[in-house]
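Enquirer: Make a model of this:
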Amino acid sequence: MTATQSRDDRAVKYGRGWDRLVASAVAPGVWSTLLPFPSALSYSCSYSIRVPDGIVVVDLGWDSDAGWSAFQAGLSRAGATLSDIVGVVVTHAHPDHYGLAPRIRETSGAWIAMHPLERDLIAATAEERTARVAELGIWLAECGVPQTYLDDLSDEAAEIAATMVDVEPDVDLVDDMPIPGSDSTLRAIHTPGHTAGSMCVFDRHRNLLLTGDHFLPRVTPNVSKRPRSSEDPLSDFVGSLDRIGRVGSSPMILPGHEWAFDQGDQRIVDLRRHHSKRLNEMERAVAAGASTTWEVATTVSWTRPFAALDSRGQRQAIGETHAHLHHLAERGRIVHKPGTPQRWINV
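Expert: Residues are numbered from 1 along each chain as shown. Purely as a prediction, here's the structure:
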């Protein structure tokens, strides 16, 4: 059984009405397609952009038969077919943005491009996927996760490995590089934080900013310190907010989830305020005696109680907690003591 088939066979909920969603025009020559994604977000957004030689797609959703059908329905709504795709830009290599890459590689001649730092997230062989799961277990142990949780991770290992994408990109895009075939209308903007190679795409002709998971209208993007992340991902994320704040003149923002929005300057203020509050909350948790990343993660507030999160959500919460604690230590507000588990103490 293939990895794609195993995921399709799982009982997942995509949100009511997802199967009726096709592409909608968001600007002249630009269409947004909602691709079903088995999470609380229900879907991810893929964008088809008309360029002189055909279509450039930004982001490919979760790999499933339903997602592939929705993707092709979106192309049809845009008056295009798979043969019209000249290239794909991937904002980051998470499976809900890169999952359909194997099908694109098999059915079109399109190039696939991403920031070179995202290559480190790609697991091209079964051995690499096994090693990534092992890395995850070591990291969680360092975060002080109880053994019962680590045992559950072992049970999930095959499912986690099945979500890892194994397609290598053809083109490396670095900061301010024009997207091939766009007559320099589309440019890459390196915005690390959510991942080390996270990237936005700016359409200067239409004044559109396609942001992947870096910038969303309602949900705060996950910023995690975990294996293969940068040294201080939260610092990277905040710095990247400054970068997109200087792009264009109040561009319309097309995110990787949820919906298009404007007034990005206010959203930047909101995100900065959010992370400042989270840093203060985690610093107070350490001062009150929580010493491991796990203890802090299970102490601070989330949109739902930590125990009510599914295992993927809990790992995201642990990663986000770790990023904030590391950021506090980098600024001398708490002290980090390495070991297994790592310990955080008040200054």
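Enquirer: how about the helices in the protein?
Expert: 3-8, 65-77, 95-98, 101-107, 126-142, 147-162, 233-245, 264-287, 293-297, 311-330 (DSSP state H).
Enquirer: Can you lay out those helices as JSON lines showing mean neighbour count?
Expert: For every residue, glycine as well, the C-beta is placed using N, CA and C. Listed next are the helices of the chain as JSON lines, based on neighbours: other CB atoms under 10 Å:
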{"stretch": "helix 3-8", "mean neighbour count": "16"}
{"stretch": "helix 65-77", "mean neighbour count": "19"}
{"stretch": "helix 95-98", "mean neighbour count": "26"}
{"stretch": "helix 101-107", "mean neighbour count": "17"}
{"stretch": "helix 126-142", "mean neighbour count": "16"}
{"stretch": "helix 147-162", "mean neighbour count": "13"}
{"stretch": "helix 233-245", "mean neighbour count": "19"}
{"stretch": "helix 264-287", "mean neighbour count": "16"}
{"stretch": "helix 293-297", "mean neighbour count": "26"}
{"stretch": "helix 311-330", "mean neighbour count": "22"}
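Enquirer: If I average pLDDT within each of the ones you listed, which one is lowest?
Expert: Ranked on mean pLDDT, the bottom entry among the helices of the chain is helix 3-8, at a mean of 32.
Enquirer: So for Thr195, which of the helices of the chain sits nearest?
Expert: Closest approach to Thr195 among the helices of the chain (CB to CB): helix 233-245, 8.2 Å.
Enquirer: which residues touch the closest one?
Expert: By CB atoms under 8 Å, 6 or more residues apart in numbering, the residues outside helix 233-245 that reach it are 189-194, 196, 198, 200, 209, 211, 214-215, 221, 223-225, 230, 264-265, 268, 271-272, 275, 323-324, 326-327, 330.
Enquirer: And the pLDDT for Ala123?
Expert: Reading off the model, Ala123 has pLDDT 89.
Enquirer: can you check Val26 too?
Expert: 93.
Enquirer: Quick check: it touching Ile253?
Expert: No. Shown here, Val26 and Ile253 do not form a contact pair, counting by CB atoms under 8 Å, at 10.6 Å.
Enquirer: Give the residues shared as contacts by these two.
Expert: Shared contacts of Val26 and Ile253, defined by CB under 8 Å, 6+ apart, comprise Leu208, Ala260.
Enquirer: who's more crowded, the two?
Expert: Ile253 (23 against 18; other CB atoms under 10 Å).
Enquirer: Which residues does that one form beta bridges with?
Expert: Under DSSP bridges, the beta-bridge partners of Ile253 are Leu209, Phe261.
Enquirer: Could I get the pLDDT score of it?
Expert: Per-residue confidence (pLDDT) for Ile253: 96.
Enquirer: now do Val22
Expert: 64.
Enquirer: what's the answer for Arg246, then?
Expert: Value for Arg246, per-residue pLDDT: 85.
Enquirer: mind starting the numbering at 494 from now?
Expert: Right, with 494 as the first residue, what we last looked at is Arg739.
Enquirer: how about it, what does it touch?
Expert: No residues are in contact with Arg739 under the rule CB under 8 Å, 6+ apart.
Enquirer: So what are the sheet partners of the strand ranked longest in the chain and their directions?
Expert: Using DSSP state E, we find that the single longest strand of the chain is strand 536-544. Note on strand 536-544: by DSSP bridges, its sheet partners are strand 523-529 (antiparallel), strand 547-551 (antiparallel).
Enquirer: do you know which of those lies nearest Ala634?
Expert: Nearest of the strands paired with strand 536-544 (CB to CB): strand 523-529, 33.9 Å.
Enquirer: Next, the angle from that closest one to helix 558-570.
Expert: On the basis of axes from the mean of the first three to the mean of the last three CA atoms, to 10 degrees, strand 523-529 is oriented at 160 degrees to helix 558-570.
Enquirer: Pull out the C-alpha coordinates of strand 523-529 and format them as PDB.
Expert: Output of strand 523-529 as PDB, limited to C-alpha atoms (Å, rounded to 0.1, in the frame of the first residue of the first chain):
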ATOM      1  CA  VAL A 523      -5.000  34.800 -10.000                       C
ATOM      2  CA  TRP A 524      -7.100  32.000  -8.600                       C
ATOM      3  CA  SER A 525      -7.300  30.400  -5.100                       C
ATOM      4  CA  THR A 526      -8.200  26.800  -4.600                       C
ATOM      5  CA  LEU A 527      -9.000  25.300  -1.200                       C
ATOM      6  CA  LEU A 528      -7.500  21.800  -0.800                       C
ATOM      7  CA  PRO A 529      -8.800  19.600   2.000                       C
END
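Enquirer: Show me the contact partners of it.
Expert: 507-508, 511-512, 514-519, 535-543, 553-555, 557, 559-560, 563-564, 566-568, 570-571, 593, 696, 699, 701, 747, 753.
Enquirer: ok, of those residues, which come out buried?
Expert: 507-508, 511, 514-516, 519, 535-543, 553-555, 557, 559-560, 563-564, 566-568, 570-571, 593, 696, 699, 701, 747, 753 (16 or more other CB atoms under 10 Å).
Enquirer: wait, what's in contact with Glu751?
Expert: Leu534, Cys538, Leu709, Pro710, Arg711, Val712.
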